[in-house]
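Novice: Below: sequence and its predicted model.
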Amino acid sequence: MHEVQASTSTVVEVKCLVQANARGPPVRRAAGVLRDFGPMHRTERLLIEPIGHEHAAGLFVALDDPRVGLHIGGPDVTTLERLHWRIDRLAEGPPADWDEDRWLNWVARRAVDGVVLGRLEATGYPDGWAEVAYVFGPAHWGHGYATEGVRWMIGHLRAEHGITDVWAAVHPDNTSSVRLLERLGFERRTWPARRAVGSYDDGDLVFELPA
């Protein structure tokens, strides 16, 4: 089971796979793994780009808040040093013996001033599906940034990575995320679901956005 990230009942974010807190030391992935080192993307209000060390300080400021860690048993970020380590780990991709075949991670910044708002991630699998997650800082909740970012991510996954269906797991108390998923067209599924959603914990709600 991967370490996971959830949200409060007022936060607009899905439970998140913290892909980088992987089992054991970093493992070098074979060449040719699909990762997203592409250009910056722009939505109406966001700049979205692959995560890098240049984003660490801004991410730490955005996410170093105890409210981010409610319902997940711990914070999303602990120290800046650990965050830099995690960024390195993400760049290596999943170990070769894991089920998933790609880790895709982006930072969302506000277009008007470049302030880091949070991060988006997708864990892709060889048979064409992905689990998505996102974490935005409490200072930026309630403005629709997460909805805008997740909508972009879904379109990008389908257009550029051949993803057919998209899944997410969310804590039942996270009513804002439930509404967000439903607004984007996700449908609730019973557990066990037909996909082995990696971030699922007992009692979570599981959602699918079919192809």
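Specialist: Arrived safely. All of these numbers come straight from a predicted model, not from anything done at the bench.

Novice: so residue 203, which of the three states?
Specialist: When classified by DSSP: H, G, I helix; E, B strand; the rest coil, residue 203 comes out as coil.

Novice: Now it. Nearest residue, chain neighbours left out?
Specialist: Excluding its sequence neighbours, the residue lying closest to residue 203 (Cβ to Cβ, 6 or more residues apart in numbering) is residue 172, at 6.3 Å. (Glycine included, C-beta is placed from N, CA and C.)

Novice: For residue 122, name its beta-bridge partners.
Specialist: Per DSSP bridges, the residues bridged to residue 122 are residue 104, residue 132.

Novice: and residue 118, that one's in a helix?
Specialist: No - Residue 118 is assigned strand when assessed by three-state DSSP, not a helix.

Novice: Which per-residue confidence value corresponds to it?
Specialist: If you check residue 118, the pLDDT there is 97.

Novice: Same question for residue 36.
Specialist: pLDDT for residue 36: 58.

Novice: repeat for residue 3
Specialist: pLDDT for residue 3: 36.

Novice: Going by residue numbers, what spans are helices in the chain?
Specialist: Remark: helices assigned in the chain by DSSP state H are 56-63, 80-92, 145-160, 175-183.

Novice: Number of residues surrounding the residue nearest to residue 203?
Specialist: Residues near residue 172, counting by other Cβ atoms under 10 Å, number 12.

Novice: That one contacts residue 207, doesn't it?
Specialist: No - using Cβ atoms under 8 Å, residue 172 is not in contact with residue 207; the gap is 11.7 Å.

Novice: Pull the contacting residues for residue 172.
Specialist: Taking Cβ atoms under 8 Å, 6 or more residues apart in numbering, we find residue 172 in contact with 178, 203-205.

Novice: Any of these buried? List them.
Specialist: Buried residues within the contacts of residue 172, counting neighbours by 16 or more other Cβ atoms under 10 Å: 178, 204-205.
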